[in-house]
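Colleague: Quick check, what structure comes out for this input:
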Amino acid sequence: MTSSELVQSWARTEGFLREARANVSQIGEAEFSDQLDQFDELISHNELGLAFDALEAIAQEGSWESLRLLELLALAAASMGLVRKRSRGPCAATESGWTDSFGTVRDLSTTCHRSSTRWTRPGRGT
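Modeller: Purely as a prediction, here's the structure:
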């Protein structure tokens with residue numbers, strides 16, 4: 001992928017994440033205000049992977065969130081090269097996760113606390 005293609009991919013992912021953030025319910029806004037503040041800071045520093053993790057945790061904890069939010073998270077995941085991992089156990093909601101293009105599993109039960117996958121733009125963020 002060329003540098004130009006990467007920048008376009010990051011912009012597309014950021015757009016999906018910002019739109020997903022805009023689709024958090026009023027209940028979610030009140031319930032998860034600290035996590036949403038964290039998301040806002042992460043996205044401003046171009047930490048797209050961590051921003052994704054923060055929104056994904058909110059979507060999992062808040063069963064009232066819209067299908068559009070989940071749809072946008074799936075689009076952001078696809079844009080970052082994350083693929084849904086199939087769960088075969090009895091606790092599918094806690095055993096499911098995402099794998100990145102390197103095959104690293106990102107367990108959803110610890111998604112807000114992991115920072116191993118960082119998506120930043122060149123020259124921006126840390």
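
Colleague: ok, now which ones touch S44?
Modeller: By CB atoms under 8 Å, 6 or more residues apart in numbering, S44 lies in contact with nothing. All C-beta spots, glycine's among them, are computed from the backbone N, C-alpha and C.

Colleague: So which bits of the longest helix anywhere in the chain are buried?
Modeller: Looking across the chain with DSSP state H, the single longest helix is helix 3-22. Neighbour-count burial for helix 3-22, counted by 16 or more other CB atoms under 10 Å, picks out 9-10, 13-14, 16-18, 20-21.

Colleague: One more: stretch 67-87?
Modeller: Using 16+ other CB under 10 Å as the test for burial, stretch 67-87 gives 69-70, 72-73, 75-77, 79-80, 82.

Colleague: What of stretch 37-48?
Modeller: In stretch 37-48, counting by 16+ other CB under 10 Å, buried: 38-39, 42-43, 46-48.

Colleague: So of those residues, which two are at opposite extremes in space?
Modeller: Farthest pair in the buried residues of stretch 37-48 (CB to CB) is Q38 and N46. Separation: 14.5 Å.

Colleague: so what's R68 closest to, chain neighbours aside?
Modeller: In this structure, R68 finds its nearest non-sequential neighbour in N23, 5.0 Å apart by CB to CB, 6 or more residues apart in numbering.
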